[in-house]
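*Asks:* could you look at this predicted model? Sequence included:
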Amino acid sequence: MIDMQNQPDFRNIPIDKVGIKGLKYPVTVRDKRKESQSTVAEISMYVDLPHQCKGTHMSRFVELLHQSRSVVSLESMTMILEDMKTTLGAQSSHIEISFPYFIEKASPTTGALGLMDYDCTIIGSANSGKNADIVLKVAIPVTSVCPCSKEISECGAHNQRGEVLVSTRFHKFIWIEDIVELVERSASCDIFSVLKRKDEKYVTEKAYNNPKFVEDIVRDVAKELIEDENITWFSVSAENFESIHNHSAYAYIEKSRI
């Protein structure tokens with residue numbers, strides 16, 4: 001049968017990224033407490049395409065993913081990126097793996113257990129003659145109380161749920177749990193999936209006694225990331241979904257050691 005992808009193209013236009021996007025696939029990720037956990041990821045995989053080639057071989061992306069046994073790690077990501085270049089005759093390769101990561105969390109007073117989910121993405125890229133570039137992104141929900149509102153009000157202060165997004169490059173493996181813990185202690189209060197009445201009292205009072213602007217949150221997170229010599233680059237953003245405004249409050253910091 002004729003292979004149309006291998007036919008020549010005469011438009012003289014190379015393609016930066018071509019491949020598959022939005023593939024749902026079961027994966028296994030490292031878990032700090034339980035060694036590993038299974039989840040379902042949405043995966044995108046791309047390579048570059050030279051100007052003389054008509055198309056790439058889409059089925060090979062899924063075959064390579066299946067051969068990796070769906071284990072997400074620095075080693076497997078690097079291996080997949082190199083295999084993509086070799087198998088598809090490419091100079092560069094790219095992969096994005098997004099998945100919910102679950103952490104069992106006890107409520108602060110009664111110890112009631114529940115699962116918190118955190119949206120995570122691992123982005124990998126490899127070019128000719130260069131080491132693979134890996135970025136880990138983790139989104140963490142938090143609670144914030146407005147310091148200004150607390151200061152000017154006779155009683156109460158407006159509070160809201162927010163989201164902190166941390167992206168990192170690093171020398172050695174970094175645990176998702178460590179990023180989550182860093183962010184949660186930098187907020188007015190962290191968020192729980194199960195709260196009894198005693199727990200609600202605790203988190204409400206803790207947040208009220210620990211007011212934070214978005215500026216405070218990103219600076220507190222950035223300070224700890226700067227002090228971690230394993231982190232070579234990071235970005236951190238905080239977005240508060242304001243309870244008294246029809247817009248969000250937002251702050252962003254990016255730093256690199258290189």
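*Replies:* Nice, thanks for sending it over. Numbers count the residues shown, from 1 in each chain.

*Asks:* helices along the stretch 101-250 of the chain, start to end?
*Replies:* Remark: helices assigned in the stretch 101-250 of the chain by DSSP state H, counting those that start in this stretch are 147-152, 176-184, 197-208, 214-227.

*Asks:* minimum distance to residue 77: which of these has it?
*Replies:* helix 176-184 (14.5 Å; Cβ to Cβ). To be clear about C-beta, it is placed using only N, CA and C from the backbone, and glycine gets the same treatment.

*Asks:* run through who's touching that closest one.
*Replies:* 29, 32-33, 101, 103, 118, 120, 136, 138, 140, 142, 164, 166, 168, 190-191, 221, 224-225 (Cβ atoms under 8 Å, 6 or more residues apart in numbering).

*Asks:* quick one, strands of the stretch 101-250 of the chain?
*Replies:* Secondary structure of the stretch 101-250 of the chain (DSSP state E, counting those that start in this stretch): strands at 113-126, 133-145, 159-170, 189-190, 231-240, 249-256.

*Asks:* switch those strands over to CSV; also include mean neighbour count and mean pLDDT.
*Replies:* Formatted as CSV, the strands of the stretch 101-250 of the chain follow (neighbours: other Cβ atoms under 10 Å; pLDDT from 0 to 100):
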stretch, mean neighbour count, mean pLDDT
strand 113-126, 17, 97
strand 133-145, 21, 97
strand 159-170, 19, 96
strand 189-190, 22, 96
strand 231-240, 22, 97
strand 249-256, 14, 97
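
*Asks:* so which of these comes closest to residue 66?
*Replies:* strand 113-126 (17.3 Å).

*Asks:* give the other helices and strands that that closest one contacts.
*Replies:* helix 74-88, strand 93-106, strand 133-145, helix 176-184 (3 or more Cβ pairs under 8 Å, 6 or more residues apart in numbering; DSSP states H and E).

*Asks:* can we see that at 10 Å?
*Replies:* Counting contacts by 3 or more Cβ pairs under 10 Å, 6 or more residues apart in numbering; DSSP states H and E, strand 113-126 is packed against strand 15-31, strand 35-49, helix 74-88, strand 93-106, strand 133-145, strand 159-170, helix 176-184.

*Asks:* including distance to residue 41, could the strands of the stretch 101-250 of the chain go into CSV?
*Replies:* Output for these, formatted as CSV (distance: least, Cβ to Cβ, whole Å):
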stretch, distance to residue 41
strand 113-126, 9
strand 133-145, 13
strand 159-170, 17
strand 189-190, 25
strand 231-240, 22
strand 249-256, 26
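
*Asks:* so which of those gets nearest residue 93?
*Replies:* For residue 93, the closest of those is strand 113-126, at 5.0 Å, according to Cβ to Cβ.

*Asks:* and stretch 87-99, which residues are buried?
*Replies:* Along stretch 87-99, these residues count as buried under the neighbour rule (16 or more other Cβ atoms under 10 Å): 87, 88, 90, 92, 93, 94, 95, 96, 97, 99.

*Asks:* hang on, the earlier thing: of all the strands of the stretch 101-250 of the chain, which one comes closest to residue 48?
*Replies:* Ranking the strands of the stretch 101-250 of the chain by proximity to residue 48 (Cβ to Cβ) places strand 113-126 first, at 10.8 Å.

*Asks:* now do that closest one against helix 74-88, angle only.
*Replies:* Between the direction of strand 113-126 and that of helix 74-88, the angle (axes from the mean of the first three to the mean of the last three Cα atoms, to 10 degrees) works out to 40 degrees.
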